[in-house]
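*Asks:* need a structure here:
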Amino acid sequence: MIKAFLIVIMVLFLIPSVFAISVGVSPSVLELGELEKGSSRISRFFIVTSSDEKLIVQLETAKAEADFFYRSDYNKFLINYSEEDPSMWVEFLRNPVELIPSDKMATQAGYIRGWREIEFYVKVPNDSESGYHAVTIIPTPFFPTTYGGGVGIRAIVAITLLLKVSGTAVREGKILDINTGDYTANKLEVNVFFRNTGTTTISSQVDSIEIYDKYGRQVGLLKSDPALVKLGNTKKFTTLWDVRGLEFGEYNASAKVCYRTGCAYKQAMIELYKPKVPLVYPEEKKPFEFPLWIIIMIIIAIVTYIIYRRTQ
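*Replies:* Modelled structure (predicted):
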């Protein structure tokens, strides 16, 4: 019975992959060249499918992952990459679109039964940032009878739009200050103030804060989550330093903030001050230990029983 149940479950999970229908795009990367701020450009790409039935395809846009610029063909653009979100710059002339089966066309990837040319506008705002931008267009297909019901076909290839907004793109930043903040239980906030001094939005994070006491011993190593910092803005990165067992006083802190194409460094003295409310350290839970006297009583009972059995 159990074996039969497991077979049914396996079949249910395998059926969607057996009948999966692929939907792809051509080309996979569309380079639009350089655009002026405030300008627009119309362009097009193709959606293709292996389906022999009509499909409805919903087109969605998203900011491309920065990993795109780590590819060998595009890593030379990373130094001039703006990390602002350009996904709203793309407008489709028609969305969703229909993919209608056509005669078979043989390709290296297999047979294509449906294709559609997609036209779209890219409108660059007047206040956009200079530099390279990347947008991902994701085609999500449905059968007409299930459109809007969430039943999709998951074998999808997206397209990446690459464009450059005219002007000089500078990626750089500096650490303005390092200080301590409030207490959280037995941890003290250590704040790093990082200012974006370039001309583009950059994703930044505190890669490390090394804290040393007066004897040169490292007593803290902290790190923050990444965050986007717009041009001209200052971001306060907050980390937590476990100060249990440390003396109050001054400590030397060395911070490093990185932003994909570079890092900023700063050293400063920070203060481990006495809190207004004494720190309360939670008691460590000791592992359960069976009472010794019960163990002794059990041993005595066993020995007594053995002696009694031997004397009978």
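*Asks:* quick check: which element contains the closest residue to I47 other than its chain neighbours?
*Replies:* Of all residues beyond its chain neighbours, the one nearest I47 is R116 (5.0 Å), with distances taken as Cβ to Cβ, 6 or more residues apart in numbering. The way it works is simple: take the backbone N, C-alpha and C, and place the C-beta from them, glycine included. R116 belongs to strand 110-123 when assigned by DSSP states H and E.
*Asks:* elements contacting the helix or strand following that strand?
*Replies:* Downstream of strand 110-123, the first helix or strand assigned by DSSP H and E is strand 131-142. Packed against strand 131-142 by the contact rule (3 or more Cβ pairs under 8 Å, 6 or more residues apart in numbering; DSSP states H and E) you find strand 23-26, strand 40-49, strand 55-63, strand 159-165.
*Asks:* got the angle between strand 131-142 and strand 159-165?
*Replies:* For strand 131-142 against strand 159-165, the angle by axes from the mean of the first three to the mean of the last three Cα atoms, to 10 degrees is 160 degrees.
*Asks:* in strand 131-142, what's buried?
*Replies:* Neighbour-count burial for strand 131-142, counted by 16 or more other Cβ atoms under 10 Å, picks out G131, Y132, H133, A134, V135, T136, I137, P139, T140, P141, F142.
*Asks:* now do it: distance to the chain's middle.
*Replies:* 17 Å (Cα atoms, centre = their mean, to the nearest Å).
*Asks:* likewise for stretch 164-180?
*Replies:* 21 Å.
*Asks:* let me know the average pLDDT across that stretch.
*Replies:* For stretch 164-180, the mean per-residue pLDDT is 96.
*Asks:* cool, and stretch 260-277?
*Replies:* 94.
*Asks:* would you mind listing the buried residues in it?
*Replies:* R260, A264, K266, I270, L272.
*Asks:* can you pull up the bridge partners for the fourth one?
*Replies:* Here I270 shows beta-bridge partners Y251, assigned using DSSP bridges.
*Asks:* next up, the contacts around it.
*Replies:* Residues counted as contacts of I270 (Cβ atoms under 8 Å, 6 or more residues apart in numbering) are I178, N179, T180, V190, I211, E250, Y251, N252, A253.
*Asks:* can you check the third one too?
*Replies:* Going by Cβ under 8 Å, 6+ apart, K266 touches K174, I175, D177, I178, V192, S254, A255.
*Asks:* SS state for the fifth one?
*Replies:* This means V192. strand (DSSP: H, G, I helix; E, B strand; the rest coil).
*Asks:* my guess is it contacts S224. True?
*Replies:* Yes. Counting by Cβ atoms under 8 Å, V192 touches S224, with 7.4 Å between them.
*Asks:* measure how buried V229 is and give me the count.
*Replies:* 23 (other Cβ atoms under 10 Å).
*Asks:* do the same with Y121
*Replies:* Y121, neighbours per other Cβ under 10 Å, totals 13.
*Asks:* what does the pLDDT read for it?
*Replies:* Model confidence at Y121 (pLDDT) stands at 94.
*Asks:* may I have the beta-bridge partners of it?
*Replies:* I42, E91.
*Asks:* pretty sure it sits against R94.
*Replies:* No. The criterion here is Cβ under 8 Å, and Y121 misses it with R94 at 11.8 Å.
*Asks:* where does pLDDT dip in the stretch 201-312 of the chain?
*Replies:* 278-290, 308-312 (pLDDT under 70).
*Asks:* quick one: the closest residue to F46 other than its chain neighbours from A134, how far?
*Replies:* Distances taken as Cβ to Cβ, 6+ apart put S26 closest to F46, at 4.5 Å, once the chain neighbours are dropped. According to Cβ to Cβ, to the nearest Å, S26 and A134 sit 18 Å apart.
*Asks:* I'd guessed F45 sits against S28; true?
*Replies:* No. The criterion here is Cβ under 8 Å, and F45 misses it with S28 at 9.3 Å.
*Asks:* these two: who's more crowded?
*Replies:* F45 (19 against 11).
*Asks:* what's the more buried one in contact with, if anything?
*Replies:* V25, S26, P27, L30, E117, I118, I137, I159.
*Asks:* which parts of stretch 67-76 are buried?
*Replies:* Buried-residue list, stretch 67-76, by 16+ other Cβ under 10 Å: F68, F69, Y74.
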